[in-house]
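**Student:** starting from these lines, generate the structure:
(chains A, B, C and D, ligands or ions: 4)
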Amino acid sequence: MLLEISSLMIPGMITEVIHMGERIITFSQALCEGVLEEMLRDERVITYGEDIAKQGGIFGAYKCLLGKVGDRIFDTPISEEVIYGSALGAAMAGMIPVVEFHFADFLFTGITAITNQIMKMRYMTGGQVSLPIVLRGPDGVAKSAAAQHSQSIETIFMHVPGIKVVVPSTPYDAKGLIKSSIRDPDPIIFFEHKALYKIRGPVPEEEYFIPLGKAHIKREGADVTVIATSRMVHEAVKAAEQLSKEGIEVEVVDLRTLVPWDRDTVIKSVKKTGRAVVAHETWRRAGWGAEIASTIYEELFDRLEAPIQRVGARNVPHPFSPPLEQFMIPKVEDIVDAVKRTL
Amino acid sequence: MLLEISSLMIPGMITEVIHMGERIITFSQALCEGVLEEMLRDERVITYGEDIAKQGGIFGAYKCLLGKVGDRIFDTPISEEVIYGSALGAAMAGMIPVVEFHFADFLFTGITAITNQIMKMRYMTGGQVSLPIVLRGPDGVAKSAAAQHSQSIETIFMHVPGIKVVVPSTPYDAKGLIKSSIRDPDPIIFFEHKALYKIRGPVPEEEYFIPLGKAHIKREGADVTVIATSRMVHEAVKAAEQLSKEGIEVEVVDLRTLVPWDRDTVIKSVKKTGRAVVAHETWRRAGWGAEIASTIYEELFDRLEAPIQRVGARNVPHPFSPPLEQFMIPKVEDIVDAVKRTL
Amino acid sequence: MRFGWEDIPKETLVWMYETMVKIRKFDLAAEQHFLRGEIPGFIHAYIGEEAIATGVMANLREDDYITSTHRGHGHMIAKGADVKRMMAELYGKKTGYCRGKGGSMHIADISRGVLGANGEVAGGIPIAVGAGLAVKFRKSDQVVVSFFGDGATNRGAFHEGLNFAAVYNLPVIFVVEFNEYASTAPAREMIPVKNVAVRAAGYGIPGITIDGNNVLEVYETARMAIERARCGGGPFLIEAKTYRLKGHFVGDPELYRDKREVQEFWKKEPIGRYEAFLLKNGILTKEDIEEINERVDKMIEEAVRFARESPYPEPEDALRDLFVDDTGYDY
Amino acid sequence: MRFGWEDIPKETLVWMYETMVKIRKFDLAAEQHFLRGEIPGFIHAYIGEEAIATGVMANLREDDYITSTHRGHGHMIAKGADVKRMMAELYGKKTGYCRGKGGSMHIADISRGVLGANGEVAGGIPIAVGAGLAVKFRKSDQVVVSFFGDGATNRGAFHEGLNFAAVYNLPVIFVVEFNEYASTAPAREMIPVKNVAVRAAGYGIPGITIDGNNVLEVYETARMAIERARCGGGPFLIEAKTYRLKGHFVGDPELYRDKREVQEFWKKEPIGRYEAFLLKNGILTKEDIEEINERVDKMIEEAVRFARESPYPEPEDALRDLFVDDTGYDY
Ligand SMILES: Cc1ncc(C[n+]2csc(CCOP(=O)(O)OP(=O)(O)O)c2C)c(N)n1
Ligand SMILES: Cc1ncc(C[n+]2csc(CCOP(=O)(O)OP(=O)(O)O)c2C)c(N)n1
Ligand SMILES: [Mg+2]
Ligand SMILES: [Mg+2]
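**Tutor:** Ligands and ions are numbered 1, 2, ... in the order given. The predicted structure is shown next:
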């Protein structure tokens, strides 16, 4: 028996068709469950960062860990370079650190420990070490947090080589991907969009994993492919529903990971539709959308019916005031317009 | 009377046709002259960074300043976040700081002062301040400097909004652009490729400026447009010369600045040739080449004869050993091959 | 330390009282209107810490510089900012200090030397050092004060900033607002020394720990440090012990601390203490105090009205104010 | 401090001599072959600083961890690394420790706990702190030593690292190799205190300044700090005063310092001093010393021969060693 659960969700978030009796939990809960299961399974997993151990994280993403994992969850001083860099040392010495970066914006504050150290150490040592490190935390725009608390900077980690990049969009994916990430032998950066923490969706009780590098087709459609991640997957689905009323059938591909990204699924979809839109919340200019678009052109030059459209934020910092913020970030209408431009 | 000066130059560096009596100096000298002229003109210009004041910089780029500008050139402790961040404070308090970042790799070490502060301050304050700041220094691959001393990270500053990005390729441009940068009221990041410091070229004695945002056509050609910057402009010219022997005429466009980048010149050129290659030394994946390529597709979808080819470094850190390094970075042959793939 | 309050001009004593009240009432209003959903974003209240901004700023000139924090309303007000334009900024309005681009966490009044609140912990320290460099090169006698929290003293920028200022003997006073918490983290767990002022010795500069809830003690200490810096004496570290009486941000569930602890600290809050001092020494009467409070209440009400009635910026204004010449950069 | 050298086993005393000689000769060879154009990249010689790595490492077990710097050959050798594979790495050969991917600045021997040389100043400090965390969670009695220069003590990572280690009482010993210069910058101009060991007080941990050119003094101090850390005593800061007898890197024009200054310091270099001590106290004879020097010479020659004769990696190997499963990531 099938049940529509859109009523349980934040307006416009993905409407999943689920089986009666399936468990519905939030993105936060799913993520936390994934971390907890891995911590209970393997003593080497430790997790630390700012403001996580007393209240379970400022967005509540760690609530389920409290009291369950002893001192393997702990708070740190505000020392980003050492928070990130210590993950490297801990991994080299045999632990599996899952480190919270608090806000993607403050990755910049200690980023050298990531880009110059974590992402290069295995390579520089000629493969002497494996580095099972997960850096995770919130990114994205929410509630007028302004220029220093709204950024999404996944493109940087896709550009500089040495880390796998995970950008989940649903509770189900969050859990399956965080578990795969913790078990992965390589460094991983895992971005959780702030606006997604409270969305709800089906998550099985049984253990499952989602492999890195496998996209998910959120919605099939024959006319245009929209490639998105994280919050923009939800916007894309909304756009697709809207366009469907006009007779335009959009296929929505949720990449789920950016390094590696699922070229095969994307190419297959665009081969079918002949038209593509790439949508991300981060800035449009030199954003990862350009990489996906360029690759599609390289592979399907003769099959494309129209130029690929890229949807992203306007190229300015995030303004505070709601009307400005709304103008700056990409929205459903931007995807709708972009899809129409491909027709 | 014209004179070929290729003999004065590093093998394969751009061969400029110059007038007898024209002055030939190195990239370093030209750059330094530009800084010196501006410092002598305007007392508010100060310049500081690591290891610049005693020997004129580790690549000698500041030799001409020594003894000429008093204490307005000085060395700092190894404190990148404060080196960059203090430029912001100094600019807000009325100075024009020209700060050396030592190696582009160590931009990461203090990058938060740039991406979270310098690049956002004017915007966050609603335009209350203008920020005449120049961050300048070496980037790029030279002599097996390995993973932490070889990076080019200009793409990051093209992606995150709030700074103008300058990437000169010749002594002439270095001088004209550094002078424009110092006079510009906005933050600028200025990348000098290590391998270019010693190349020589004509630089007039008279004062001149090169505006930001204007590309330079290094070589005209009707068949394929190659868009490049910095060291890759030289590789592109070499490739063009090689291809010319096979009857393929390549137009080489040196962007010179990435923010803003000269869309008009690029579009005009590709409109003519119908084929394009974008070449940069930085990593290919999600590098700025994808932005240029995507934009060209968006504008000239129907005029393109073949997919745009992107040339960039392989997606790994910079290896130390010469054969590995040579394999990893893009070379003349890669451009030649890319051009051929467009035919 | 002897408090020569008798040497402090009466108008300064009164200004300090009024300023503290203004800060308190501004933040109470901000809290209230945030909770009512009128103010977007985050609000970090300075309630309980008013004596620090006030006692320091009483010694600054309009052309001196300060850098502030995410908890920055108090610094702005004490430096003389207009509460109307401040409140409008909190509301995201066009008439705000930053035309709605900044909000509470990025409020700034450059014309009065406020080089920005800052959403990044310790983010203001490098900026203050840079302003200090500018002052040094211009050979002026301005000074710079950088305010930041106890949590900020664990960031690399704190270390680099103090060291840099010491190396060049810059006129920068570093003021730690030691309010016992960095968000959920108690200072006693995150800072392995009792007084962070001891860190000053690592840079060869003076460091002092004072009662940050005693505005006169703050005033006297700041005066000494600022006069010293103005005469070329170089940097100074002042650690002002205080307590964050409200949550980290408005809406904080505060599960990390005991309500009784908070109640205990309310007894030491600075405005009541200073009021008692003013009354006891006959500097102000009860009537004066009432009059001041009423005046401030009206000022804040007006600020709220102004903010409410002001228009939002136009959406397309989002593309302005990035560069001096803005046109054509969004591609 | 009294040096109870009589309590040090003779084999340790001899091992220390041989180790210092090995470091010196390795770096002289590296310098020579770099200047001949055989070695690519940059070489930063440890010449004059050998007593520090040696005196510290004499107290470490193979399963203890260290982090090193751009000037890292001495640390590797003292921790027991194979000079053949080291030299091969400097030459960029496939047989090198890092298969030619790292070179001098990124040399590492993880199997011996050397968690990497590091091209970033202070880059090893956060790594050392992380290894300390691992040790703490595993409840083992390993210790971690982080080596870095005087210049590194001005970086934020130094501050954050010491503070972090102090907060969690981690078994990490921080060793400043205070060699008077950071590239062209004299420590006396860039560090506003005479002894950076005073910075330890800012974290509530012990700090001590010692003669880093006296291997016995280094040995005794390190022993104390390491034993303390092994027993849960927590972090320690050792400032070992030394002098960089060669340029910052091989080829440095050294315009920033007076040749006479360098000559003065050659008189205090650690190997000659230790040799005199060993002879005077009858621990080694002149013949022993000659024998050791010859043995080391041969070892270094063999290392050079091995390096020269080893093959370069295949160009396509550039795409390996990024991830554990490397295939298919270069797109
Ligand atoms: C670099 C950075 N890391 C983390 C944060 C998140 N954050 C905001 S305020 C805060 C606590 C700051 O504590 P403190 O410096 O004591 O200032 P207080 O809030 O107590 O005034 C934290 C962790 C941030 N804004 N910037
Ligand atoms: C973060 C960073 N900034 C700058 C550099 C360039 N650099 C390399 S070594 C060095 C000097 C280091 O001095 P010190 O820490 O005293 O070590 P020493 O070379 O004296 O052993 C500098 C500035 C770097 N490698 N990393
Ligand atoms: Mg605090
Ligand atoms: Mg040194």
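
**Student:** which secondary structure elements does whichever strand or helix holds residue C:293 contact?
**Tutor:** Using DSSP states H and E, residue C:293 sits in helix C:286-309. Helices and strands touching helix C:286-309, as assessed by 3 or more C-beta pairs under 8 Å, 6 or more residues apart in numbering or on different chains; DSSP states H and E, comprise helix C:10-35, helix C:83-90, helix C:270-280. Yep, even glycine has a C-beta here, placed from its N, CA and C like the rest.

**Student:** from the contact counts, what lies against the longest one?
**Tutor:** Contact analysis of helix C:10-35 by 3+ C-beta pairs under 8 Å, 6+ apart lists helix C:50-57, helix C:73-78, helix C:83-90, helix C:215-230, helix C:270-280, helix C:286-309 as its packing neighbours.

**Student:** would TSV of those with mean pLDDT, mean neighbour count and distance to ligand 4 be doable?
**Tutor:** Listed next are the helices and strands packed on helix C:10-35 as TSV, based on pLDDT from 0 to 100; neighbours: other C-beta atoms under 10 Å in any protein chain shown; distance: least, C-beta to the ion, whole Å:
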stretch	mean pLDDT	mean neighbour count	distance to ligand 4
helix C:50-57	98	29	37
helix C:73-78	98	28	39
helix C:83-90	98	25	47
helix C:215-230	98	22	30
helix C:270-280	98	17	46
helix C:286-309	98	15	54
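
**Student:** redo the ones you listed as a markdown table? Include distance to ligand 1.
**Tutor:** What follows is those, written out as a markdown table (distance: least, C-beta to the nearest ligand atom, whole Å):
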| stretch | distance to ligand 1 |
| --- | --- |
| helix C:50-57 | 10 |
| helix C:73-78 | 10 |
| helix C:83-90 | 17 |
| helix C:215-230 | 16 |
| helix C:270-280 | 15 |
| helix C:286-309 | 22 |
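
**Student:** out of those helices, the one nearest residue B:220 is which?
**Tutor:** Taking C-beta to C-beta as the measure, those were each checked against residue B:220, and helix C:83-90 came out nearest at 52.9 Å.

**Student:** export the helices and strands packed on helix C:10-35 to a markdown table and tack on distance to residue B:181?
**Tutor:** A markdown table is the format used below for those (distance: least, C-beta to C-beta, whole Å):
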| stretch | distance to residue B:181 |
| --- | --- |
| helix C:50-57 | 37 |
| helix C:73-78 | 33 |
| helix C:83-90 | 32 |
| helix C:215-230 | 33 |
| helix C:270-280 | 48 |
| helix C:286-309 | 40 |
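
**Student:** show the pLDDT at residue A:152.
**Tutor:** According to the prediction, residue A:152 has pLDDT 98.

**Student:** nearest to the spatial middle of the chain, which residue is it?
**Tutor:** I'll assume chain A. Per C-alpha atoms, centre = their mean, the C-alpha nearest to the average position across chain A is that of residue A:167, at 1.5 Å.

**Student:** chain C is the one I meant
**Tutor:** The structure's chain C has its C-alpha centroid closest to residue C:75; by C-alpha atoms, centre = their mean the separation is 3.0 Å.

**Student:** before we move on, back to that, residues touching the residue nearest to the centre of chain A, list them.
**Tutor:** A:154, A:191, A:229, A:230, A:255, A:256, A:257, A:258 (C-beta atoms under 8 Å, 6 or more residues apart in numbering or on different chains).

**Student:** same thing but 10 Å
**Tutor:** Counting by C-beta atoms under 10 Å, 6 or more residues apart in numbering or on different chains, residue A:167 touches A:139-140, A:152, A:154, A:158, A:173, A:177, A:189-193, A:228-233, A:254-258, A:261, A:280-281, A:288.

**Student:** from residue A:260, how far out is residue A:228?
**Tutor:** Residue A:228 sits 17 Å away from residue A:260, taking C-beta to C-beta, to the nearest Å as the criterion.

**Student:** looking at those two, which one has more neighbours?
**Tutor:** Here residue A:228 and residue A:260 are set side by side on neighbour count (other C-beta atoms under 10 Å in any protein chain shown), and the busier one is residue A:228, at 28 against 17.

**Student:** about what we covered before: next, the angle from the helix holding residue C:293 to helix C:10-35.
**Tutor:** Going by axes from the mean of the first three to the mean of the last three C-alpha atoms, to 10 degrees, helix C:286-309 is angled at 40 degrees with respect to helix C:10-35.

**Student:** how far off centre is helix C:286-309?
**Tutor:** Counting by C-alpha atoms, centre = their mean, to the nearest Å, helix C:286-309 is centred 20 Å from the centre of its parent chain.

**Student:** contacts for it, please.
**Tutor:** Residues outside helix C:286-309 that contact it (C-beta under 10 Å, 6+ apart): C:14, C:17-30, C:32-33, C:38-39, C:82-93, C:95-96, C:275, C:278-279, C:284-285.

**Student:** thinking again about what came up before, looking at the helices and strands packed on helix C:10-35, which is closest to residue A:76?
**Tutor:** Of all the helices and strands packed on helix C:10-35, helix C:50-57 comes closest under C-beta to C-beta, at 26.0 Å.

**Student:** low-confidence stretches in the chain?
**Tutor:** Since you didn't name a chain, this refers to chain A. Within chain A, the segments meeting pLDDT under 70 span A:1-20.

**Student:** try again with chain C
**Tutor:** In the predicted model of chain C, residues C:1-3 satisfy pLDDT under 70.

**Student:** kindly recompute the last result at 80.
**Tutor:** C:1-4, C:327 (pLDDT under 80).

**Student:** residue in it nearest to ligand 1?
**Tutor:** Closest approach between chain C and ligand 1, counting by C-beta to the nearest ligand atom: residue C:149, at 2.2 Å.

**Student:** excluding covalently adjacent residues, which one is nearest to that residue?
**Tutor:** Once flanking residues are discounted, residue C:149 sits nearest to residue C:177: 5.4 Å by C-beta to C-beta, 6 or more residues apart in numbering or on different chains.
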